[in-house]
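Chemist: Kindly return the folded structure for what I paste below:
(one chain, ligands or ions: 2)
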Amino acid sequence: MNHDLFADEVPCWEETLCPGALVLRGQALPQVESLLAAVETVVAAAPWRHLITPGGYRMSVAMSNCGLYGWVSDETGYRYDAQDPLSGRRWPAMPEVFRQLAREAAERAGFKGFEPDACLINRYEVGARLSLHQDKDERDYGAPIVSVSLGLPAVFLFGGLRRSDPQQRVALAHGDVVVWGGPARLRYHGVLALKAGTHPLLGAQRINLTFRKAR
Ligand code: MD6
Ligand code: FE
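Modeler: Numbering: from 1, shown residues only. Ligands and ions are numbered 1, 2, ... in the order given. Next up, the predicted model:
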């Protein structure tokens with residue numbers, strides 16, 4: 001752990017999970033109000049929905065997207081799509097405050113020049129979870145993923161390159177940012193069922209923004 005008091009951006013704790021994966025504790029805190037306002041704007045145009053997995057299950061996490069591409073799932077599989085299947089229109093543009101935060105966090109983790117073209121927005125209500133998976137629908141694994149946690153805390157499961165590898169449990173709190181790339185890019189990960197609680201800004205939910213370079 002390294003207390004980064006002298007960086008010229010936000011002072012925050014950096015925790016390395018493994019080579020290529022870093023938690024930036026509190027990195028998003030200064031922008032929280034604009035981030036939440038931007039989430040509202042996005043979901044006004046592309047409302048929360050529970051996607052269906054290729055196996056036919058309804059996901060407990062509700063999702064939306066912004067940017068050039070959105071991550072979607074249906075009976076035919078997972079994919080990035082330039083259109084919101086609910087409206088047939090393009091996804092809302094990526095808010096500048098999103099893009100800036102993603103770039104700064106990536107740079108801080110050693111990935112300079114990150115240009116996300118997709119932001120998946122996840123909403124967890126109490127009991128919602130995300131089972132162990134790899135992020136592998138993107139074309140270029142050279143770009144990292146940047147993940148921002150807002151609202152109620154959650155336990156992030158962080159495994160290895162095989163599904164059966166042991167997992168670390170990482171508590172992610174409001175304002176924490178995880179950057180994930182290089183040798184860690186294809187590690188399995190998931191989120192345990194959200195525990196009941198009330199966050200002062202978000203109430204009984206957790207919102208996660210994950211930025212990717214999809215194409
Ligand atoms: C979440 N995050 O935290 C879900 N993927 O709600 C992810 O699936 C994820 O946080 C890749 C890298 C970081 C992540
Ligand atoms: Fe993921």
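Chemist: Tell me, how many residues neighbour Ala45?
Modeler: Residue neighbour count, defined by other CB atoms under 10 Å, stands at 15 for Ala45. Backbone N, C-alpha and C define where each C-beta goes, glycine included.
Chemist: what sits against Leu132?
Modeler: The contact partners of Leu132, taken as CB atoms under 8 Å, 6 or more residues apart in numbering, are 157, 159, 163, 167, 188-190.
Chemist: for Gly160, same thing?
Modeler: Residues in contact with Gly160, defined by CB under 8 Å, 6+ apart, are 166-167, 187-188.
Chemist: Equivalent analysis for Arg185, please.
Modeler: When contacts are counted by CB under 8 Å, 6+ apart, Arg185 is found next to 20, 135, 141, 144-145.
Chemist: which among those residues gets closest to Thr41?
Modeler: Thr41 lies nearest to Ile145 out of the contacts of Arg185, by CB to CB, at 22.8 Å.
Chemist: Could you find the closest non-adjacent residue to Leu35?
Modeler: Val97 (6.0 Å; CB to CB, 6 or more residues apart in numbering).
Chemist: So the one you found belongs to a strand, correct?
Modeler: No - counting by DSSP: H, G, I helix; E, B strand; the rest coil, Val97 falls outside a strand, being helix.
Chemist: Next one: it relative to Asp81, how far apart?
Modeler: When distance is defined by CB to CB, to the nearest Å, Val97 is 24 Å away from Asp81.
Chemist: what element comes up after the worst-scoring helix or strand of the chain on mean pLDDT heading to the C-terminus?
Modeler: In the chain, no helix or strand scores lower on mean pLDDT, DSSP states H and E than strand 2-4, which sits at a mean of 51. Of the helices and strands lying after strand 2-4 in sequence (DSSP states H and E), the nearest is strand 12-18.
Chemist: residues from the protein in reach of ligand 1?
Modeler: Where the chain comes near ligand 1, counting by CB under 6 Å from any ligand atom, the residues are 122, 130, 135, 145, 147, 156, 178, 180, 189, 191, 208, 210.
Chemist: Find the residue closest to the second one in space, skipping its chain neighbours.
Modeler: Once its chain neighbours are removed from consideration, Leu130 has its nearest residue in Val191; the separation is 4.2 Å (CB to CB, 6+ apart).
Chemist: which residues does that neighbour contact?
Modeler: Counting by CB under 8 Å, 6+ apart, Val191 touches 61, 124, 129-130, 154-157, 208.
Chemist: Could you export those residues to JSON lines, including columns for secondary structure?
Modeler: Supplementary listing: the contacts of Val191 in JSON lines, determined by three-state DSSP:
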{"residue": "Val61", "secondary structure": "coil"}
{"residue": "Tyr124", "secondary structure": "strand"}
{"residue": "Arg129", "secondary structure": "coil"}
{"residue": "Leu130", "secondary structure": "strand"}
{"residue": "Ala154", "secondary structure": "strand"}
{"residue": "Val155", "secondary structure": "strand"}
{"residue": "Phe156", "secondary structure": "strand"}
{"residue": "Leu157", "secondary structure": "strand"}
{"residue": "Asn208", "secondary structure": "strand"}
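Chemist: Could you check the pLDDT of Cys12?
Modeler: Per-residue confidence for Cys12 comes out at a pLDDT of 73.
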